[in-house]
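A.B. asks: Got a sequence here, can you build the structure:
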Amino acid sequence: MPFKKIRPKSYHADSPLLVMGTASHRELGEKFSILVWNIYKAKKPGWKENFQQLVADKDLVLLQESVFNTPHNDIFETSIRFEWIMARGHQYHHDQMTTGLKTGAVASPVTQKYIHSMDREPLANTVKLALSTEYRLKNSDQILLVINVHAINFVSIRKYKRYINQTMSLIQHHVGSVIVAGDFNCWNRARAEFLFDSMKNEGLNAAISERKPLWRHLNRHIDHIFYRDLQLIKTESLSNINSSDHYPLMAEFSTK
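C.D. replies: Down below sits the predicted model:
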């Protein structure tokens, strides 16, 4: 089989975003909860049950390695609580499964857009994405900007920095509250230091929680939630959930 048939098909930077489900509210509340999870393409046993339980009381959900064209489509398409926005990265030839980023919220976004990484990961020749959505907040004139991240991997630190700089460009002109969260693939000191310095330069704090490192992430924490102009109420790493190769992260925020 030719190598190009093994590599997944990449979507173009101007490919349309997919919209699924129906939001139950016009805006996010003065307090809202967020789930951030790389779901490993929803292929481990127990994922669907864990997912449905985890999102039941959440207001905002950021998924990495999310999928489309699978038996799980109905969870998103028939939702009457969340409106889901998906940025597609690539599609596999053998089963037409599409992977990318999904952001779901109980409120419809005011704006939505995404970027492709300027560089590609080796061998598979795939791009990485950052998905931007904005939401109204109850009793506030502010707009919450949410950036869902799955950072480029298996590349030089120069290319990693270029992706992070691309992502940070999405918030440079935003006035008000911001959440940047996802899988940052910051598995060595150089990546982690550049990531945290970049967030600090834009006034974002890390929602730190006690958590167990994973050997497959080189015993470093690569999933993070960063925030600005919000009050962090609590945060937690859900290490009892094993239906992915990443633990889900949860946080609760207040706009006051």
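
A.B. asks: Buried ones in stretch 100-118, by neighbour count?
C.D. replies: Buried residues in stretch 100-118, counted by 16 or more other Cβ atoms under 10 Å: 100-109, 112, 114-117. (C-beta placed from N, C-alpha, C; glycine too.)

A.B. asks: For those residues, name the two members farthest from one another.
C.D. replies: With distance counted by Cβ to Cβ, no two of the buried residues of stretch 100-118 lie farther apart than Val106 and Ser117, which are 29.5 Å apart.

A.B. asks: Tell me who's in contact with Pro16.
C.D. replies: Contacts were defined as Cβ atoms under 8 Å, 6 or more residues apart in numbering; by that measure Pro16 touches no other residue.

A.B. asks: any idea of the pLDDT on it?
C.D. replies: The score at Pro16 is 94. That number is its pLDDT.

A.B. asks: So which of the buried residues of stretch 100-118 sit within strands?
C.D. replies: Gly100, Leu101, Lys102, Thr103, Gly104, Ala105, Gln112, Tyr114, Ile115, His116 (DSSP state E).

A.B. asks: so the third one makes contact with Phe76?
C.D. replies: In this case it means Lys102. Yes. Applying Cβ atoms under 8 Å as the test, Lys102 and Phe76 come out as touching, 7.2 Å apart.

A.B. asks: what is in contact with these two at once?
C.D. replies: By Cβ under 8 Å, 6+ apart, Lys102 and Phe76 have these common neighbours: Trp84, Met86.

A.B. asks: which of the buried residues of stretch 100-118 lies closest to Ser66?
C.D. replies: Ser66 lies nearest to Lys102 out of the buried residues of stretch 100-118, by Cβ to Cβ, at 3.9 Å.

A.B. asks: Identify the residue spatially nearest to the closest one, adjacent ones excluded.
C.D. replies: In space, Lys102 comes closest to Ser66 once its chain neighbours are excluded; the distance is 3.9 Å by Cβ to Cβ, 6 or more residues apart in numbering.

A.B. asks: Just give the number of residues close to the one you found.
C.D. replies: Counted with other Cβ atoms under 10 Å, residues neighbouring Ser66 total 29.

A.B. asks: three-state assignment of it?
C.D. replies: Three states are possible here, and by DSSP: H, G, I helix; E, B strand; the rest coil the one that applies to Ser66 is strand.
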